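In: just the structure for this:
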Amino acid sequence: MTLSKLPPTELFSIGACLCLLLFSSVFATWQTFRSKTKIWLWAMYSALIWIGLAIALYSDKLTNTTSAEMPPEFSLGVWLMIAGILFTLVHGLWILTRRVRGNRALPIS
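Out: Numbers count the residues shown, from 1 in each chain. Next up, the predicted model:
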């Protein structure tokens, strides 16, 4: 199946996932060098994304067997990459929420 035969909704989903991967990897790597605090945390997020991507891309080279099944290393790489993306997004949203709210207390009535 080629990309030209995919319905528009699937093309949109693929594009959204690629944009999410690109944003997360660039943002985590950028924050690793720019952040004033918790540099090790951003470095860990960035390493999870990049190492997971490398394992997923080269998983067929890591196994010696030639079978039609997906190698187990691929799933390990995908899970590492997803973990790095989710941690980056949650931490980025936490920073954004903290900046928007400032240090104001929530009004309780």
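
In: which SSE is immediately downstream of the strand or helix carrying residue 12?
Out: For residue 12, the element it lies in under DSSP states H and E is helix 8-34. Counting by DSSP H and E, the next helix or strand C-terminal to helix 8-34 is helix 39-57.

In: measure how far that next one is from the centre of its chain, please.
Out: 8 Å (C-alpha atoms, centre = their mean, to the nearest Å).

In: where is the longest helix in the chain?
Out: As assigned by DSSP state H, the longest helix anywhere in the chain is helix 72-101.

In: and that helix with helix 39-57, angle?
Out: On the basis of axes from the mean of the first three to the mean of the last three C-alpha atoms, to 10 degrees, helix 72-101 is oriented at 150 degrees to helix 39-57.

In: what packs against the helix or strand bottoming out on mean pLDDT in the chain?
Out: Lowest on mean pLDDT, DSSP states H and E among the helices and strands of the chain sits helix 59-62, with a mean of 77. Helix 59-62 sits against helix 72-101, with contacts defined as 3 or more C-beta pairs under 8 Å, 6 or more residues apart in numbering; DSSP states H and E. (Each C-beta comes from the backbone N, C-alpha and C, glycine too.)

In: so how far is the helix it packs on from its chain's centroid?
Out: With C-alpha atoms, centre = their mean as the basis, helix 72-101 stands 6 Å off its chain's centre.

In: starting at the chain centroid, how far to the least confident helix or strand of the chain?
Out: For helix 59-62, the distance to the chain centre is 21 Å (C-alpha atoms, centre = their mean).

In: residue 45 - how many residues pack around it?
Out: When neighbours are counted by other C-beta atoms under 10 Å, residue 45 registers 27.

In: typo on my end, it should be residue 83
Out: Residue 83 has 14 nearby residues by other C-beta under 10 Å.

In: give me the distance between residue 87 and residue 33.
Out: 18 Å (C-beta to C-beta, to the nearest Å).

In: which one's more surrounded, those two?
Out: residue 87 (18 against 10).
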